[in-house]
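Asker: fold the stuff below for me.
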Amino acid sequence: MKFVIDTNVLISALLKDSVTREILLFPSLEFLLPEYALEEVDAHKGEISKRSGLSVEEIDIVLSVLLEN
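Answerer: Numbers count the residues shown, from 1 in each chain. Just a heads-up that it's a prediction; the model follows:
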């Protein structure tokens, strides 16, 4: 099954280890993401880092894992 997610859902998954992140990692689901969403995440990485307690490098790692799915 395919789902389109917006930037808010992606940022929510980056902010904390949550149900949102678990759903995005579920292997039998396919998620589509508008390209501008990655631009928005890049533009707000500092704020995401501050709110999540993760370094920018850790955010990049979580993001790459989420995007692999």
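Asker: state the helix or strand in which the residue sitting nearest the centre point of the chain lies.
Answerer: For the chain, residue 10 is the residue whose C-alpha lies nearest the centre (C-alpha atoms, centre = their mean; 3.5 Å). Counting by DSSP states H and E, the element that carries residue 10 is helix 7-15.
Asker: and that helix, what does it pack against?
Answerer: Counting contacts by 3 or more C-beta pairs under 8 Å, 6 or more residues apart in numbering; DSSP states H and E, helix 7-15 packs against helix 19-24, helix 35-43, helix 45-52, helix 56-68. In short, each C-beta sits where N, CA and C put it, glycine included.
Asker: I figured residue 33 hits residue 5, correct?
Answerer: Yes: if you go by C-beta atoms under 8 Å, residue 33 and residue 5 touch, sitting 5.8 Å apart.
Asker: got any ranges where this protein has weak pLDDT?
Answerer: Within the chain, the stretches with pLDDT under 70 are 69.
Asker: try it again at 90.
Answerer: Counting by pLDDT under 90, the ranges of the chain that qualify are 1, 27, 35, 67-69.
Asker: what separates residue 57 from residue 64, distance-wise?
Answerer: 11 Å (C-beta to C-beta, to the nearest Å).
Asker: now swap in residue 30 and tell me
Answerer: 17 Å.
Asker: check residue 24 too.
Answerer: Here residue 24 is placed at a distance of 12 Å from residue 64 (C-beta to C-beta).
Asker: good, wrapping up.
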